[in-house]
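>>> Here's my sequence, what's the structure:
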Amino acid sequence: MKKSIDFYTKFLGMKDKGHSRIEATKGDVAYLESEDGKVGIELNHYDAESPFNSRYAVGEGLDHLAFGVKDIDASLKQAKKLGYRILKEVKTEQSRWVYVEDPSGIWVELCKTSQ
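Predicted coordinates:
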């Protein structure tokens, strides 16, 4: 969970808004929010004995998350510096986006924002 929180806060600039333990599911929850407060995500981690504990498989349920960034090149440089794996880069005449792997194996898309 700590590695995932670090990914979303240190790399993507989200704010850690708090954590809680849910004994009924044998899991931990972390609440993260974008810097402007407009987007929030919840990270869940379940203990090995939890009925909700399962391995993540790309394309199974959750395909990927997407985040707009101002500078893709700067974001790629930062991802490499922090040791995150760059999975794929796609360029077209109109757009460009890249996929970075988060600590749980989730593909995180970075795309150019207009701001």
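>>> so who does the nearest residue to S50 once chain neighbours are set aside touch?
Leaving aside its chain neighbours, S50 sits nearest to K26 (3.7 Å; criterion: Cβ to Cβ, 6 or more residues apart in numbering). In short, each C-beta sits where N, CA and C put it, glycine included. K26 is in contact with Y46, D47, E49, S50, F52, N53, counting by Cβ atoms under 8 Å, 6 or more residues apart in numbering.
>>> Kindly provide the distance from K26 to Y56.
For K26, the distance to Y56 equals 18 Å [Cβ to Cβ, to the nearest Å].
>>> unless I'm mixing things up, L82 is touching F11, no?
Yes: with contact defined as Cβ atoms under 8 Å, L82 reaches F11; the gap is 5.7 Å.
>>> tell me the domain boundaries of this protein?
As assigned by automatic domain parsing, the chain contains the domains 1-48, 58-115.
>>> circling back: of L82 and F11, give the one with the bigger neighbour count.
F11 (19 against 12; other Cβ atoms under 10 Å).
>>> Can you pick out the most distant pair from the contacts of K26?
Across these, the longest distance by Cβ to Cβ is 10.3 Å; it joins E49 and F52.
>>> So between those two, which is more surrounded?
More crowded of E49 and F52, by other Cβ under 10 Å: F52, with 12 against 7.
>>> ok so K3 is a strand residue?
No: per DSSP: H, G, I helix; E, B strand; the rest coil, K3 lies outside any strand segment and is helix.
>>> Can you give me the distance of it to Y56?
Distance from K3 to Y56, by Cβ to Cβ: 13 Å.
>>> go on, G18?
Taking Cβ to Cβ, one finds G18 at 23 Å from Y56.
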